[in-house]
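Chemist: Give the three-dimensional model of this entry:
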Amino acid sequence: QMPPIVKHDWSGEPRRTFQEYRAFESLFETLLPRGLPMIKFEESFRLHADMAEFLRQEIYRHDGINFHSGKHATLGAAVHVDPFVAAVLNPDYPLVVIVHDEARSQLSNEFERVLIEPVLKALADDPYFLDPREGLGVVVPHRAQRAALQDAIACLSERDPDTNVVIVSAVDTVERFQGDERNVVVYSATES
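Modeler: Have a look, this model is predicted:
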């Protein structure tokens, strides 16, 4: 949460000081020192256990939260002719990070689109048949990358047959995708 922007005549303030009013902090930061009862949710019902463990080690342990998940389901094993697709979709690794050295992109990234296209097509095809409504999600930071992926990879969208307008898309920005859930999520970082 962004801290509030407050315009106030601090020089004419009769009682409260800037520190007491704490206008520069979020509501959470303002209430935290008061020692109010706090519930720290620990269990995820959405993330795979390996991903939850990564988040626990890197983030939640600093706040004393024993973050965990009981989800262990992964994609089924499948034969893929492309060794890159086979490595990315190996069910032994529920979290895969692909690192590349393309260094010219900002709002859209053609290199990443070409890189992930065979993976996305494999997920939409036999044996997975992941659809853009519930099965497959692609998260991007910029609308330009969303548009590029929607235009280039047909399996990411359902379109109106008469107008060709996108009705449902597996691709959306971080802000718009937040809170949504899919069986498989691909994140395209886009910016080099």
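
Chemist: Next, the buried residues of the longest helix along the chain.
Modeler: When the chain is parsed with DSSP state H, its longest helix is helix 110-124. Within helix 110-124, the residues scored as buried using 16 or more other Cβ atoms under 10 Å are Glu112, Arg113, Leu115, Ile116, Pro118, Val119, Leu120, Ala122, Leu123, Ala124. From N, CA and C alone the C-beta is placed, and that goes for glycine too.

Chemist: how about the strands in this structure?
Modeler: In the chain, the strands defined using DSSP state E lie at 43-48, 68-71, 136-140, 157-159, 166-169, 171-173, 184-187.

Chemist: so what does the third one touch, helix or strand wise?
Modeler: I take that to be strand 136-140. helix 110-124, helix 143-152, strand 171-173, helix 174-177, strand 184-187 (3 or more Cβ pairs under 8 Å, 6 or more residues apart in numbering; DSSP states H and E).

Chemist: Out of the ones you listed, the one nearest Asp50 is which?
Modeler: Of all these, strand 184-187 sits nearest to Asp50, with 14.0 Å by Cβ to Cβ.

Chemist: follow-up on the earlier one: could I get the buried residues of helix 110-124 in TSV, plus columns for distance to Gly135 and pLDDT?
Modeler: TSV is the format used below for these (distance: Cβ to Cβ, whole Å; pLDDT from 0 to 100):
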residue	distance to Gly135	pLDDT
Glu112	21	94
Arg113	20	94
Leu115	21	94
Ile116	16	95
Pro118	17	96
Val119	14	96
Leu120	11	96
Ala122	12	96
Leu123	8	96
Ala124	8	95
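
Chemist: Could I get those residues in JSON lines, plus columns for distance to Ala87?
Modeler: Listed next are those as JSON lines, based on distance: Cβ to Cβ, whole Å:
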{"residue": "Glu112", "distance to Ala87": "17"}
{"residue": "Arg113", "distance to Ala87": "19"}
{"residue": "Leu115", "distance to Ala87": "12"}
{"residue": "Ile116", "distance to Ala87": "13"}
{"residue": "Pro118", "distance to Ala87": "12"}
{"residue": "Val119", "distance to Ala87": "10"}
{"residue": "Leu120", "distance to Ala87": "15"}
{"residue": "Ala122", "distance to Ala87": "12"}
{"residue": "Leu123", "distance to Ala87": "14"}
{"residue": "Ala124", "distance to Ala87": "18"}
